[in-house]
Each structure stands twice: as structure tokens, then as C-alpha cells.
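Q: Fold the following for me, if possible:
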Amino acid sequence: MIEVKEPKRIPLIGSLQGMYTVFKHLFKKPITVQYPEEKAYTPARFKFRIFLSMDDCVGCTLCEQVCPNLSIRMIVVERNNPHNKRNLYPQVNFGTCTVCRNCEEICPTEAIYLTHELETARTKNNFFYSPEELQKTESEVKK
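A: Take a look at the predicted model:
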């Protein structure tokens, strides 16, 4: 039988290493922020919230067709718009939207566009935004 010797451990070294790590991070600036009191930095090119101009939408359904995870669904909204004779407007599910921006790029009339509005947290049972809600800012939708 081969006898294996365990290396001698000095418990003080491990404790000192732990204390060194704590002191090293003690004087660093924290990475996290206290949300919602402090707002996190968002890059200038970051866009999240999808908006819709119902006056410019022609109901072509290209946004629905190009959405990779079926987050956009066209629904009928009775509205007097001579450019949209079928009265089809996009409804967006922000629960599954990945902000790929395909809908913005494919829209021929630029009716769908993304903005820098980031805070979309609210107490609602679903993440579907109707075409009317897509026209409003998030603070107007919460009311």
C-alpha cells in the first residue's frame, strides 16, 4: 500500500489571501447601481422600445413576416386611414421580442421605429402592446 502524504497547510495563508481579496474590492467603485434611484448607463446606439406611427402604417404585414420569433402579429383596428385600407396594424409582444430591428429595417414607410426608451417594466398580465399603445410613450401607457 502506497502512503500518500498530504501537503502541510498553513491556515493563516488562506485567511490572509481572503482578507487581501476583500480589501482589494473594498475600495473599488461598485459595478451595480441601486435601481430605480440610479439609472444604469446605456450606450447611445442602444435602442429598445418599438414605436408605431399609425398614420404612416400601410398594413403591408412585412414586419410580421420578417419577425424571427413571431413577436409581431397584425390585428384589425377600426380607424380612418386612407393609406391602410385593410385596417391592419402590428401588435408587439415585448415578452418575446429580441429587438433585432428587422421590423424597423423592412418597414417601407418607416412607420415602425425604435427609440432609446428603455424602462418598460410595468404591472400588466401580458406583454402585448396594441397599436394604440405603440403610439404612446411608456409613461402614457402606464396610466
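
Q: center of the chain - which residue?
A: Phe48 (5.4 Å; CA atoms, centre = their mean).

Q: you'd agree that residue is up against Thr98?
A: No: at 10.6 Å, Phe48 does not count as touching Thr98 under the criterion of CB atoms under 8 Å. (Glycine included, C-beta is placed from N, CA and C.)

Q: can you pull out the strands in this structure?
A: 49-52, 72-76, 88-93, 112-115, 128-129 (DSSP state E).

Q: can you redo these as a markdown table with mean neighbour count, distance to Val58 and mean pLDDT?
A: Formatted as a markdown table, the strands of the chain follow (neighbours: other CB atoms under 10 Å; distance: least, CB to CB, whole Å; pLDDT from 0 to 100):
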| stretch | mean neighbour count | distance to Val58 | mean pLDDT |
| --- | --- | --- | --- |
| strand 49-52 | 22 | 12 | 91 |
| strand 72-76 | 16 | 12 | 96 |
| strand 88-93 | 21 | 9 | 94 |
| strand 112-115 | 17 | 11 | 92 |
| strand 128-129 | 20 | 19 | 90 |
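
Q: Tell me how far the longest helix along the chain lies from the chain's centre.
A: Longest helix in the chain, counting residues (DSSP state H): helix 11-26. Distance of helix 11-26 from the chain centroid (CA atoms, centre = their mean, to the nearest Å) equals 39 Å.

Q: As JSON lines, the strands of the chain with distance to Cys103 would be great.
A: Formatted as JSON lines, these follow (distance: least, CB to CB, whole Å):
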{"stretch": "strand 49-52", "distance to Cys103": "7"}
{"stretch": "strand 72-76", "distance to Cys103": "6"}
{"stretch": "strand 88-93", "distance to Cys103": "7"}
{"stretch": "strand 112-115", "distance to Cys103": "5"}
{"stretch": "strand 128-129", "distance to Cys103": "13"}
